[in-house]
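Asker: Any chance you could fold what I've pasted below:
(chains A and B)
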Amino acid sequence: MNRALEVLQERGFVQQCTDFEGLSRLMDEGPVTFYIGVDPTGPSLHIGHMVPFFALRHLRDAGHVGIALLGGGTARIGDPSGKTEMRKLISYEEIDENTRRFIKQLDRFVGFDGVHAFTANNKDWLADLNYIEFLREIGRHFSVNRMLSFEAYKQRMEAGLSFIEFNYQLLQSYDFLQLYRRHNCRLQIGGDDQWGNIVAGIELIRRVEGAECYGLTFPLVTTSDGKKMGKTEKGALFLDPNMTSPYDFFQYFRDVSDSDVERFLLMFTFLPSEECRRLGSLKDAELNQAKERLAWEVTALIHGKEEADKALAAARAAFRGDGDAAQLPTIAIKRARLEAGIGVLDLFVEAGLVPSKNEARRLVQQGGASVNGQKVENEKQVFTIAALQDGAMMLRAGKKRVARVISKDN
RNA sequence: GGGGAGAUUCCCGAGUGGUCAAAGGGGGCAGACUGUAAAUCUGUUGGCUUUCGCCUUCGAAGGUUCAAAUCCUUCUCUCCCCA
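Answerer: Here you go, the predicted structure:
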């Protein structure tokens, strides 16, 4: 088998392939141009988007050429695949802004040099499509009967599927055709929920151009307890540091289940496979070293080594006491307020550890709140500036959430 | 266009005039046990005050009533059947 494909397979990236042998042969012959599509439907990419881009880097390292296709056009429609409900439509301005942000985030991770990796935007060929011409040239190749047999649509037959979403597949297929024509793109990779769309694109190219293209999908990454990977209480694990702090990002990986460690090391880091397997096979408490490594590696890839170091120092300060507490999430409260004294409940709310005073009260009543390592017994307790030790107060809510409070002038 | 069903607190889903901040489950949170894991058990789960209590919530807006998530009117959206 082709070496690059083999790497993807041994790292757990391969879910389905339209023609494994054929693709392998093609890749042996020389550099293959492939693409990944992302629709800029939100303000930031999240970790779930990144799986195909990790694959992109593996493939690029093997000499192949990757295109990141931003769905500036398709985002106007909304992909029903994998969704149980209709997606709300987003404004064009919002899509353009999202696109800009996505490209920036991806560039940081992939490094678009214009030769081995570059971006494209399907807005360029979709935005001004002529409906009638499109139907005559492209639409006639699609069988509604066949489309309805796809799993993605079956799931929506109950909940409802509007025509705008039903069209999505034609547009994605058209994307593949365009990229084939413009860049001789022969392979599309993506999450397994894209299987139907990918296959449809391949069939379109076969009919229109008589050429054989390929599709490869990755497993939908879930945690061992079956949840979508990267989902937190606060939502997805975003790459934007303003939406998910590097510390929270780090902690997500630091806290993965034992059974997920090896799998995540293989997919979300570039450590050699043997090293991933060695780390993953550590036993009991030793496995914590592997988790720490995983968290550091992924954070470094996304936010840079400096942020990864800071997050690591903060985590150690919070859980082992030997790191750097200054790196913990910190909030500043006016000196005057601290001098006057603040009730615990308000303190925890202001520190962002709980969303309301009722929850703060519950936290205290259930024994989950502590200040400077001392459990808060009374919800009426008041803290003043005297509680600052070395200029800071350490608040804990439960075992995992920590905040550091400092004072500020005015 | 005609007919039918439906929209409930984060999700699913009960509730059909007061006893409803609203059953049950899921999820979340906290505690115990631990390794910042999993599993398990317990508690908790709108906001403000915590003493009574007050406020907001059951698709939207009106109305009936001492009193509505529950009744009426209009509207919006979804699903199903027929054309």
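
Asker: C-alpha only now, for contacts and for neighbours.
Answerer: Will do.

Asker: From RNA strand B, how far out is the residue most central in space within chain A?
Answerer: With distances taken as C-alpha atoms, centre = their mean, the residue of chain A nearest its centroid is A:I47 (1.6 Å). The gap separating A:I47 from RNA strand B is 18 Å, by C-alpha to the nearest atom of the strand, to the nearest Å.

Asker: How about the contacts made by that residue?
Answerer: With contact set as C-alpha atoms under 8 Å, 6 or more residues apart in numbering, A:I47 has these partners: A:230, A:236-239.

Asker: A:I406 - that's part of a strand, no?
Answerer: Yes. Per DSSP: H, G, I helix; E, B strand; the rest coil, A:I406 lies within a strand segment.

Asker: check contacts around it.
Answerer: A:I406 is in contact with A:330-333, A:388, A:391-393, counting by C-alpha under 8 Å, 6+ apart.

Asker: Kindly report the same for A:Y214.
Answerer: Counted by C-alpha under 8 Å, 6+ apart, A:Y214 has contacts A:17-19, A:23, A:186-188, A:202.

Asker: Over to A:R100. Which of the three states is it?
Answerer: With three-state DSSP as the basis, A:R100 sits in helix.

Asker: Run a quick neighbour tally on it.
Answerer: Neighbour count of A:R100, defined by other C-alpha atoms under 10 Å: 16.

Asker: pLDDT score assigned to it?
Answerer: We have a pLDDT of 97 for A:R100.

Asker: Now the closest residue to A:M1 other than its chain neighbours: which helix or strand?
Answerer: Nearest non-adjacent residue to A:M1, counting by C-alpha to C-alpha, 6 or more residues apart in numbering: A:S24, 6.0 Å away. Assigned by DSSP states H and E, A:S24 falls within helix A:20-29.

Asker: I'd like the next helix or strand past that helix.
Answerer: Assigned by DSSP H and E, the successor of helix A:20-29 is strand A:33-38.

Asker: buried sites along that next one?
Answerer: By neighbour count, with 16 or more other C-alpha atoms under 10 Å as the criterion, the buried positions of strand A:33-38 are A:33-38.

Asker: Same check on stretch A:340-349?
Answerer: Within stretch A:340-349, the residues that count as buried by 16+ other C-alpha under 10 Å are A:341-342, A:344-349.

Asker: Tell me which of those residues fall in strands.
Answerer: Using DSSP state E to define strands, the subset of these located there is A:I342.

Asker: Closest to A:G398 out of the buried residues of stretch A:340-349?
Answerer: Taking C-alpha to C-alpha as the measure, A:F348 is the one of these closest to A:G398, at 11.8 Å.

Asker: thought that closest one was touching A:A360?
Answerer: Yes. A:F348 is in contact with A:A360 according to C-alpha atoms under 8 Å; the separation is 6.4 Å.

Asker: Could you name the helices and strands sitting against the helix holding A:S24?
Answerer: Packing partners of helix A:20-29 (3 or more C-alpha pairs under 8 Å, 6 or more residues apart in numbering; DSSP states H and E): none among the helices and strands.

Asker: Quick check: A:I205 vs RNA strand B, distance?
Answerer: Distance of A:I205 to RNA strand B, computed by C-alpha to the nearest atom of the strand: 31 Å.
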